[in-house]
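>>> Next comes the sequence, and after it the predicted model I'd like to discuss.
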Amino acid sequence: MVTPPRLAMSYTVEQVAALFWTGDFSQAERLFANHVPPSRSLEVPDIPPKLPIPQQLNLALTLASAEDLAAYDLSQKPLRSRC
């Protein structure tokens with residue numbers, strides 16, 4: 001069994017996401033083959049460093065979600081193409 005600390009120390013974020021989504025670490029390369037070009041990178045305003053890391057990440061994800069309109073499409077076809 002893989003423990004959360006081992007996941008955090010031994011695998012990339014993409015590999016862990018692939019494990020959650022598909023049950024297979026090796027799917028990470030296929031799932032994350034499309035890289036965001038630098039011109040489409042999210043510019044995050046200064047996040048207070050005193051916030052705990054989970055709150056900083058939550059804030060960053062909330063800001064990024066406005067740019068990812070595909071994330072709101074929960075129909076069968078888009079979901080199937082991601083997994």
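Structure received.
>>> Break this structure down into its domains, please.
If you go by automatic domain parsing, the domain ranges for the chain are 1-35, 36-83.
>>> Worst mean pLDDT among those?
Of all these, mean pLDDT reaches its minimum on domain 36-83 (a mean of 69).
>>> in the helix or strand containing Ala18, what's buried?
According to DSSP states H and E, Ala18 maps onto helix 13-22. Along helix 13-22, these residues count as buried under the neighbour rule (16 or more other C-beta atoms under 10 Å): 15-19. Heads up, the C-betas are built off the backbone N, CA and C, glycines and all.
>>> Distance to Met9 added to those residues, as JSON lines?
Converted to JSON lines, those look like this (distance: C-beta to C-beta, whole Å):
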{"residue": "Gln15", "distance to Met9": "12"}
{"residue": "Val16", "distance to Met9": "11"}
{"residue": "Ala17", "distance to Met9": "16"}
{"residue": "Ala18", "distance to Met9": "17"}
{"residue": "Leu19", "distance to Met9": "14"}
